[in-house]
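Visitor: Have a look at this prediction, sequence included:
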Amino acid sequence: AQKVTQAQTEISVVEKEDVTLDCVYETRDTTYYLFWYKQPPSGELVFLIRRNSFDEQNEISGRYSWNFQKSTSSFNFTITASQVVDSAVYFCALSDSIVAGGSEKLVFGKGTKLTVNP
Amino acid sequence: KAGVTQTPRYLIKTRGQQVTLSCSPISGHRSVSWYQQTPGQGLQFLFEYFSETQRNKGNFPGRFSGRQFSNSRSEMNVSTLELGDSALYLCASSLEGQNTEAFFGQGTRLTVV
């Protein structure tokens, strides 16, 4: 069965510090997608990134970067020069195998609460 | 483009009652999924509807049910409410399914007393 582990329950940093959120996953599928979502206090989950299992290239988007390492089943998320507005709960998620026209549920980690202090 | 709309935002119900939550997906999206979020269990998948058909279901008792209408709007129903059903219920819409980008609503906060 799929499983996502976010070992860091809470992280607190000071503004402008870099911070890395860890995500380790388990799956027996060879084809899968990994996601990161941000949940601000308002409640909705905001999509950040999707990465398929065949694409191990790291990705950078502004201050955000993601490091996908299949060998260690990890998909870590780094925020560079953190800001107070980055304070939120961040979720890593895994979907199961891709089935054409089928349905794949997301399996979420327990989330990491990030607090960025001014 | 309007986002995913969930109504109501907050709800208080008594044990034993039933409740219906509503989700209006983004225009053009045919897939609607529901998730339950609690402090103890985190985010758990309830079910997914696509073109009015339930395509996938999580491990929840039969008291949890849903449906999707021809306009892709979805409702979920919980009957015989229990205290443990208190949670944030999130709806997500996507074009084709969960492997595409899913957009979430702000959720319905259900409190069972």
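Guide: That came in fine, so what should we check first? The structure presented is a predicted model; accordingly, all values stated were derived computationally and were not measured.
Visitor: Show the subsequent helix or strand relative to the worst-scoring helix or strand of chain A on mean pLDDT.
Guide: Of all helical and strand segments in chain A, the minimum by mean pLDDT, DSSP states H and E falls on strand A:59-61, at a mean of 86. Following the chain from strand A:59-61 toward its C-terminal end, the next helix or strand by DSSP states H and E is strand A:64-69.
Visitor: helix or strand right after that following strand?
Guide: On the C-terminal side of strand A:64-69, the closest following helix or strand by DSSP H and E is strand A:74-79.
Visitor: which residues are in contact with the helix or strand that that following strand is followed by?
Guide: Proceeding C-terminally, strand A:74-79 gives way to strand A:88-95 as the next helix or strand, assigned by DSSP H and E. With Cβ atoms under 8 Å, 6 or more residues apart in numbering or on different chains as the contact definition, strand A:88-95 has outside contacts at A:2-4, A:6, A:21, A:23, A:25, A:27, A:32-41, A:45, A:48, A:75, A:77, A:104-109, A:111-114, B:43, B:98-99. Where C-beta positions appear, they are placed from N, C-alpha and C, glycine not excepted.
Visitor: Pull the distance from strand A:88-95 to the chain's centre.
Guide: Mean-position distance between strand A:88-95 and its chain equals 5 Å (Cα atoms, centre = their mean, to the nearest Å).
Visitor: One more: stretch A:105-116?
Guide: From the chain centre to the centre of stretch A:105-116 is a distance of 7 Å (Cα atoms, centre = their mean).
Visitor: which stretches of the chain have low pLDDT?
Guide: Using chain A here. Filtered on pLDDT under 70, chain A yields the residue ranges A:96-104.
Visitor: Wait, chain B was what I had in mind.
Guide: Confidence mapping of chain B against pLDDT under 70 gives the ranges B:1, B:97-99.
Visitor: Return the residues of it in contact with chain A.
Guide: If contacts are counted using Cβ under 8 Å from any Cβ of the partner chain, the residues of chain B sitting beside chain A are B:3-4, B:31, B:33, B:35, B:42-45, B:48, B:50, B:55-56, B:58, B:88, B:90, B:92, B:97-99, B:101-107, B:109.
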